[in-house]
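Chemist: My questions are about this predicted structure, shown below with the sequence.
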Amino acid sequence: VQLVESGGGLVQPGGSLRLSCAASGFTFSSYAMSWYRQAPGKERELVARVISAGSSTNYADSVKGRFTISRDNAKNTAYLQMSSLKPEDTAMYYCNARRVVIGERYDYWGQGTQVTVST
């Protein structure tokens, strides 16, 4: 199982970035995909989630209207389009795949990609 994030970097406030999460080793279309982030000294927080079929999403209040999560099940890839970035969006962003079946939860994590919003 592998989740590989890419697309992070340094961007000025107000700018945009698109993160990608390439998945392999499991049935991608059966898993909900999420993006989490963790800033230094803070706990990891959920940023956005999309269900397996891609028809339902949810977002942290802090990113609503600025970030968009999507997935392409044919490419086994999830995305996070981030716009109007703020310095407080600076964090390590992690991709997560989760599937819950009766009695068991399957959870996979990527290594993270750094996003820095600064002048």
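Modeler: Arrived safely.

Chemist: Just give the closest residue to residue 31, not the sequence neighbours.
Modeler: Closest residue to residue 31 apart from its sequence neighbours, by CB to CB, 6 or more residues apart in numbering: residue 97 at 4.3 Å. C-beta here means a position set from N, CA and C on the backbone, and glycine is covered the same way.

Chemist: Quick check on the one you found: phi, psi?
Modeler: With angles defined as degrees, to the nearest 10, residue 97 sits at phi -120, psi 130.

Chemist: For it, give the beta-bridge partners.
Modeler: Counting by DSSP bridges, residue 97 forms beta bridges with residue 33, residue 108.

Chemist: which residues does residue 63 contact?
Modeler: By CB atoms under 8 Å, 6 or more residues apart in numbering, the contact set of residue 63 is 47-48, 82, 89.

Chemist: ok, residue 11 touching residue 17?
Modeler: Yes - contact criterion CB atoms under 8 Å: residue 11 and residue 17 qualify, at 5.5 Å.

Chemist: Check this protein and tell me which residue is nearest its centre.
Modeler: The centroid of the chain falls nearest to residue 35 when counting by CA atoms, centre = their mean (2.3 Å).
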